[in-house]
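[1] Structure, please.
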Amino acid sequence: MAKLTNFIYCINAERVAANDGSGNSINAIGVMSALTPEFVPGTFSFSIIFSILDMDISGNNTVQIVFSKDGERNILVDSGIIAIPPMPDVDEVGLPNEYKGLNLSMDFLNVIFESEGLYSTSISFNGQLLATNSIYVKGKR
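    Got it, this is the predicted structure:
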């Protein structure tokens with residue numbers, strides 16, 4: 001069964017081509033344990049990086065990312081259902097299936113924060129909620 005790992009909030013997620021031509025990696029720039037825009041209410045841009053492991057990459061899959069104010073139905077960002085097409089298994093190391101999967105990132109641009117408090121990102125995979133990760137938002141001024 002698929003599981004969510006390596007969840008990170010950061011200022012920017014940068015895709016970098018591997019030196020050996022084996023694909024891409026993702027660099028987290030400015031890892032954050034809280035979001036601190038200049039003002040709340042106000043807007044703020046940030047990224048998330050996460051991994052989904054123990055999944056069948058040879059078939060069709062979907063992912064959905066929802067960012068909302070905790071305890072409310074106030075959805076600020078909804079990616080909608082994103083199709084992930086089948087991919088070839090290029091595991092040259094021979095990893096066990098529970099350690100194979102995808103590293104994904106998503107940019108959240110100019111998210112409007114109307115109040116300070118706890119917000120959360122929910123990740124669903126093939127229609128099932130994998131996990132919800134929370135982060136506190138507080139204006140600097």
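
[2] okay, CA-based contacts and neighbour counts for the rest of this
    Will do.

[3] Who are the packing partners of the lowest-mean-pLDDT helix or strand in the chain?
    Least confident element among the helices and strands of the chain, by mean pLDDT, DSSP states H and E: strand 24-32 (a mean of 90). Contacts of strand 24-32 with other secondary structure elements, assessed using 3 or more C-alpha pairs under 8 Å, 6 or more residues apart in numbering; DSSP states H and E, are made with strand 3-17, strand 101-113.

[4] could I get the ones you listed as CSV with mean neighbour count, mean pLDDT and distance to Ser134?
    Converted to CSV, the helices and strands packed on strand 24-32 look like this (neighbours: other C-alpha atoms under 10 Å; pLDDT from 0 to 100; distance: least, C-alpha to C-alpha, whole Å):
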stretch, mean neighbour count, mean pLDDT, distance to Ser134
strand 3-17, 17, 92, 10
strand 101-113, 16, 94, 15
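
[5] wait, which of these is closest to Arg141?
    strand 101-113 (13.7 Å; C-alpha to C-alpha).

[6] Val31 and Phe108, how far apart?
    Shown here: Val31 relative to Phe108, a distance of 14 Å by C-alpha to C-alpha, to the nearest Å.

[7] Let me fix that, I meant to ask about Gly42.
    Noted for Gly42: a distance of 14 Å to Phe108, by C-alpha to C-alpha.

[8] shaky segments in the chain?
    Within the chain, the segments meeting pLDDT under 70 span 18-23, 71-72, 90-92.

[9] mind running it again at 90?
    Counting by pLDDT under 90, the chain has low-confidence residues at 1, 15-26, 55-59, 70-74, 86-102, 141.

[10] Quick check: bridge partners of the closest residue in space to Asn126 that isn't next to it in sequence?
    Computed as C-alpha to C-alpha, 6 or more residues apart in numbering, the closest residue to Asn126 that is not its neighbour in sequence is Thr62, at 4.9 Å. According to DSSP bridges, the residues that bridge with Thr62 are Ala83.
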